[in-house]
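Asks: task: produce atomic coordinates for the following.
(one chain, ligands or ions: 1)
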Amino acid sequence: MLLNIYGNYEKLSTHIADVISETIKNNPAAVLCLATGDTPRRAYQLLAKKVEEKKADFTRCTFIALDEWVGIPPENAGSCRYFLENEVFAPLNIMMSQVYLFDGMSRDLAEECKKMDNIIAANGGIDLMLAGVGMNGHIGFNEPGISPGKYAHVAELDEVTQSVGQKYFTGPVTIKQGITLGLQHILQSKKLIVIANGAKKAGIIKKVVEGEVSSVIPAGIVRKHPDGAVMIDAEAADLLEKETAL
Ligand code: F6R
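Replies: You can find the predicted model right below:
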């Protein structure tokens, strides 16, 4: 596993944006799976700048969603779909015809999972997955205790995820379940980059990078990935044994 530590969030975001734009330069029809959330936000803004300056072109890529809250409609600003539409698809000129998302409002969530598994297989797998790390070590909505054999599934969200997740919403919401790609999708993606920033993530990053690899810290799966990388800023790296920031 590659571990890259950047001096600050801006440098981290610049590198993430560069890796994504290199990926589509080398493979314009790449299948991308990019997380929502606070961590990648700046990288997406930097990518949008590249698109504006015609230094990146996403018109041929395919986009697969990583996850969605169950029961939160797409027009809710806290939904993953809302984030993606506003912070990724519109700024990067990605059309909805290139995109496969989870419908967290579906009455048949099991079917929704099956559909996504089939879409990923039909597209030849995910070329690049960019994932954040939850405060409890989740990746996507693969919560602590998840079986490593899973593909897309409905997750019962643990208390940390339910409470930390409130930050995305304008008022209190009940978020008990999520729908997510599984650890098998994450493991089978051709390249996996796990990202984190800020002092609040230092404790969990220490467990991801230096702790035992087990289902207790699902994001630790990055250490089993043949092309897995952890890219973090100096604050998130603060509790690691000995590392030098790039
Ligand atoms: C979002 C997702 C989550 C987040 C994680 C970190 O699509 O899959 O696993 O990546 O909860 O969230 P932030 O970046 O907001 O700290």
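
Asks: can we go C-alpha only for contacts and neighbour counts from here?
Replies: Will do.

Asks: how about Ala131, secondary structure?
Replies: Here Ala131 takes the strand state, with states given by DSSP: H, G, I helix; E, B strand; the rest coil.

Asks: give the contact list for it.
Replies: Taking CA atoms under 8 Å, 6 or more residues apart in numbering, we find Ala131 in contact with 34-35, 139-140, 192-195.

Asks: ok, now with 7 Å
Replies: 34-35, 139-140, 193-195 (CA atoms under 7 Å, 6 or more residues apart in numbering).

Asks: what kind of secondary structure is His15 in?
Replies: Look at His15: counting by three-state DSSP, its state is helix.

Asks: thought Arg60 was touching Ala29?
Replies: Yes - assessed by CA atoms under 7 Å, Arg60 is found in contact with Ala29 at 4.9 Å.

Asks: ok so, going back, so of the contacts of Ala131, which ones are in strands?
Replies: 34, 193-195 (DSSP state E).

Asks: let me see the ranges of the helices in this protein.
Replies: Along the chain, the segments classed as helices by DSSP state H run 9-26, 41-52, 80-83, 109-122, 159-164, 183-188, 202-210.

Asks: would you turn those into JSON lines with distance to Leu239, mean pLDDT and mean neighbour count?
Replies: Compiled in JSON lines, the helices of the chain are given as follows (distance: least, CA to CA, whole Å; pLDDT from 0 to 100; neighbours: other CA atoms under 10 Å):
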{"stretch": "helix 9-26", "distance to Leu239": "17", "mean pLDDT": "98", "mean neighbour count": "18"}
{"stretch": "helix 41-52", "distance to Leu239": "24", "mean pLDDT": "98", "mean neighbour count": "19"}
{"stretch": "helix 80-83", "distance to Leu239": "30", "mean pLDDT": "98", "mean neighbour count": "22"}
{"stretch": "helix 109-122", "distance to Leu239": "36", "mean pLDDT": "98", "mean neighbour count": "16"}
{"stretch": "helix 159-164", "distance to Leu239": "21", "mean pLDDT": "98", "mean neighbour count": "15"}
{"stretch": "helix 183-188", "distance to Leu239": "26", "mean pLDDT": "98", "mean neighbour count": "22"}
{"stretch": "helix 202-210", "distance to Leu239": "6", "mean pLDDT": "97", "mean neighbour count": "20"}
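
Asks: mind putting these in JSON lines, distance to Ile146 included?
Replies: Shown next, in JSON lines, are the helices of the chain (distance: least, CA to CA, whole Å):
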{"stretch": "helix 9-26", "distance to Ile146": "27"}
{"stretch": "helix 41-52", "distance to Ile146": "27"}
{"stretch": "helix 80-83", "distance to Ile146": "21"}
{"stretch": "helix 109-122", "distance to Ile146": "16"}
{"stretch": "helix 159-164", "distance to Ile146": "14"}
{"stretch": "helix 183-188", "distance to Ile146": "8"}
{"stretch": "helix 202-210", "distance to Ile146": "15"}
